[in-house]
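S.K.: What follows is a protein structure lacking sequence information:
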């Protein structure tokens with residue numbers, strides 16, 4: 001790695017690290033991170049960290065997070081945390097990233113939280129939902145909730161539904177309810193969610209024709225989940241009736 005240290009031009013140094021990152025021997029990752037730390041131009045530093053994160057040894061994630069914290073640009077910082085978050089294994093690092101995400105603006109916070117969805121320890125879902133509830137803009141709150149639904153633990157179903165109820169946009173609520181159909185047991189879904197999407201359908205019927213059709217298509221998996229083919233047929237008949245109103 002001494003050759004890279006001798007390269008004075010940061011752009012050239014970054015390009016060398018890009019090319020090495022995916023095939024770098026494990027014992028050289030620490031030195032590569034130290035070189036990345038010294039790169040002053042943030043875009044180059046971010047790109048180097050991104051490539052290094054793809055195969056970073058578990059014991060160096062904390063060091064990579066510390067370097068990422070020094071990045072001034074929050075969008076750049078969130079990109080790195082998102083890349084690192086997808087592969088975290090240490091619970092304490094998960095907690096640290098959650099706290100960092102909480103302090104970011106809505107868009108960047110949502111990006112990091114969504115990246116944490118795949119391998120998040122079950123005992124941290126409560127904390128993640130609490131942060132999601134604090135996100136100011138509904139669009140980003142919906143993105144986080146939808147990303148969570150694939151691995152959502154049973155003990156946080158109620159909280160996820162409560163956050164969903166507070167979302168005013170029918171379209172965003174529709175997306176979340178459709179995602180929840182993949183994880184919730186049928187009896188829980190029927191008792192808790194069925195009234196919510198029934199209300200949604202009623203509200204959507206009062207919308208413009210295109211918006212109604214788009215959201216109804218999103219809800220089809222939900223309706224099939226609850227009532228199988230018969231429910232789909234009943235919905236199709238109802239849609240035909242509504243369509244006559246628009247003629």
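M.R.: Received, thanks. All of these numbers come straight from a predicted model, not from anything done at the bench.
S.K.: per-residue pLDDT, the residue nearest the centre of the chain?
M.R.: Centre of the chain computed as the mean C-alpha position; nearest residue by Cα atoms, centre = their mean is residue 114, 1.5 Å away. On pLDDT, residue 114 comes in at 91.
S.K.: what sits against it?
M.R.: By Cβ atoms under 8 Å, 6 or more residues apart in numbering, the residues touching residue 114 are 82, 143-144, 147. C-beta: built from backbone N, CA, C; applies to glycine.
S.K.: so which one among the residues you listed has the lowest pLDDT?
M.R.: residue 147 (87).
S.K.: what's near enough to touch it?
M.R.: 113-114, 117 are the contacts of residue 147 under Cβ under 8 Å, 6+ apart.
S.K.: want to throw the residues you listed into JSON lines with secondary structure and distance to residue 105?
M.R.: JSON lines is the format used below for these (DSSP: H, G, I helix; E, B strand; the rest coil; distance: Cβ to Cβ, whole Å):
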{"residue": "113", "secondary structure": "helix", "distance to residue 105": "13"}
{"residue": "114", "secondary structure": "helix", "distance to residue 105": "15"}
{"residue": "117", "secondary structure": "coil", "distance to residue 105": "20"}
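S.K.: okay if I get those as a markdown table plus distance to residue 75?
M.R.: Output for the contacts of residue 147, formatted as a markdown table (distance: Cβ to Cβ, whole Å):
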| residue | distance to residue 75 |
| --- | --- |
| 113 | 15 |
| 114 | 15 |
| 117 | 20 |
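S.K.: Residue 142 reaches residue 177, doesn't it?
M.R.: No - contact between residue 142 and residue 177 fails when scored by Cβ atoms under 8 Å: they sit 10.7 Å apart.
S.K.: Low-confidence ranges, the chain, go.
M.R.: Along the chain, the parts satisfying pLDDT under 70 run over 1-9, 201-247.
S.K.: can you rerun that using 50?
M.R.: Residue ranges of the chain with pLDDT under 50: 1-6.
S.K.: ranges for the strands of it?
M.R.: Under the criterion DSSP state E, the chain contains no strands.
S.K.: what comes up buried for stretch 161-177?
M.R.: Neighbour counts over stretch 161-177 (16 or more other Cβ atoms under 10 Å) mark 161, 163-164, 167, 170-177 as buried.
S.K.: Make JSON lines from these and add distance to residue 15 to it.
M.R.: JSON lines is the format used below for the buried residues of stretch 161-177 (distance: Cβ to Cβ, whole Å):
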{"residue": "161", "distance to residue 15": "49"}
{"residue": "163", "distance to residue 15": "44"}
{"residue": "164", "distance to residue 15": "46"}
{"residue": "167", "distance to residue 15": "44"}
{"residue": "170", "distance to residue 15": "48"}
{"residue": "171", "distance to residue 15": "43"}
{"residue": "172", "distance to residue 15": "42"}
{"residue": "173", "distance to residue 15": "46"}
{"residue": "174", "distance to residue 15": "45"}
{"residue": "175", "distance to residue 15": "40"}
{"residue": "176", "distance to residue 15": "42"}
{"residue": "177", "distance to residue 15": "47"}
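S.K.: Name the nearest of those relative to residue 61.
M.R.: residue 163 (29.0 Å; Cβ to Cβ).
S.K.: contacting residues for that closest one?
M.R.: 129, 132-133, 141, 145.
S.K.: next one: residue 127
M.R.: 95, 98.
S.K.: So it versus residue 119, what's the distance?
M.R.: When distance is defined by Cβ to Cβ, to the nearest Å, residue 127 is 15 Å away from residue 119.
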